[in-house]
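> here is the input, now give the coordinates:
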Amino acid sequence: MYAISLGDDGAELCPLEPWQAEEFLAHIDRGREFIGRFNGLPDVVTDLESSRAFLQAYADKAASDTGRIHGIRVDGTLVGAVIFRRLDVRQGVAEAGCWLEPAAVGRGLVTRAARVIIDWAVEERGVHRVEWWVSSGNEPSIAVARRLGMTKEGVLREIHPYRGERHDEEVWAVLAPEWRAARAARQAP
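Model prediction:
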């Protein structure tokens with residue numbers, strides 16, 4: 001299996017596969033309440049069978065080139081993930097997402113990991129538009145969208161029913177030319 005270094009702090013980006021269901025469930029259990037504030041994943045991954053099914057769904061998406069999941073590890077421990085919930089290469093559009101358990105927050109892990117997968121989508125798969133859908137109350141995820149150079153395109157008011165309440169969803173996006181220009185600016189001396 002491959003791992004992509006996310007810096008000199010022991011952080012890596014690695015694929016997540018169905019055979020890792022037990023480890024994935026343990027990760028979700030460690031962050032269940034924290035992750036579940038804005039993300040329905042903890043309501044979906046509740047036991048080993050549902051953990052395996054979730055990872056299998058992403059393995060199927062990878063096989064059909066319609067989505068991806070990559071784990072974020074620090075010193076070998078799974079602490080979060082970045083995903084392409086949707087990947088439509090024909091249309092040139094992808095929707096990225098993420099989560100972290102509490103112990104990994106505040107280290108820039110999601111931003112660094114998202115840059116890797118967005119670079120891949122833009123440069124290797126020819127994606128023109130990468131979206132980031134986020135609950136309006138999820139300030140840390142909105143901050144990531146900003147750090148990634150995304151533009152807030154709108155708010156879908158009360159679109160998402162979650163745990164008995166309707167939530168606003170913000171749509172952020174970056175286009176391939178904007179992404180390349182921002183990357184070049186980051187790399188400039």
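> quick check: chain neighbours aside, which residue is closest to residue 160?
Nearest non-adjacent residue to residue 160, counting by C-beta to C-beta, 6 or more residues apart in numbering: residue 167, 4.5 Å away. All C-beta spots, glycine's among them, are computed from the backbone N, C-alpha and C.
> the one you found is in what secondary structure piece?
Using DSSP states H and E, residue 167 sits in strand 165-175.
> show residues contacting that strand.
Residues from elsewhere that reach strand 165-175 (C-beta atoms under 8 Å, 6 or more residues apart in numbering): 38, 118, 128-137, 142, 145, 148-161, 182.
> quick one, helices of the protein?
With DSSP state H as the criterion, the chain has helices at 21-35, 41-44, 48-63, 109-119, 139-147, 176-187.
> buried residues in the third one?
Of the residues in helix 48-63, 51-52, 54-55, 58-59, 61-62 count as buried by neighbour count, 16 or more other C-beta atoms under 10 Å.
> just the fifth one next, same as before
Buried positions in helix 139-147, judged by neighbour count with 16+ other C-beta under 10 Å: 141-142, 144-145.
> per-residue confidence averaged over that helix?
Summarised as a single mean, pLDDT over helix 139-147 is 96.
> helices or strands next to it in the packing?
Helix 139-147 sits against helix 109-119, strand 129-135, strand 165-175, with contacts defined as 3 or more C-beta pairs under 8 Å, 6 or more residues apart in numbering; DSSP states H and E.
> and the angle from it to helix 109-119?
Calculated by axes from the mean of the first three to the mean of the last three C-alpha atoms, to 10 degrees, helix 139-147 forms an angle of 40 degrees with helix 109-119.
> CA-only coordinates of helix 139-147 in PDB, if you can.
Extracted C-alpha coordinates of helix 139-147, given in PDB (Å, rounded to 0.1, in the frame of the first residue of the first chain):
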ATOM      1  CA  GLU A 139     -16.700  26.900  10.900                       C
ATOM      2  CA  PRO A 140     -13.600  24.600  10.900                       C
ATOM      3  CA  SER A 141     -14.700  23.100   7.500                       C
ATOM      4  CA  ILE A 142     -15.500  26.500   6.100                       C
ATOM      5  CA  ALA A 143     -12.000  27.700   7.200                       C
ATOM      6  CA  VAL A 144     -10.600  24.700   5.200                       C
ATOM      7  CA  ALA A 145     -12.600  25.800   2.100                       C
ATOM      8  CA  ARG A 146     -11.100  29.300   2.400                       C
ATOM      9  CA  ARG A 147      -7.500  28.000   2.900                       C
END
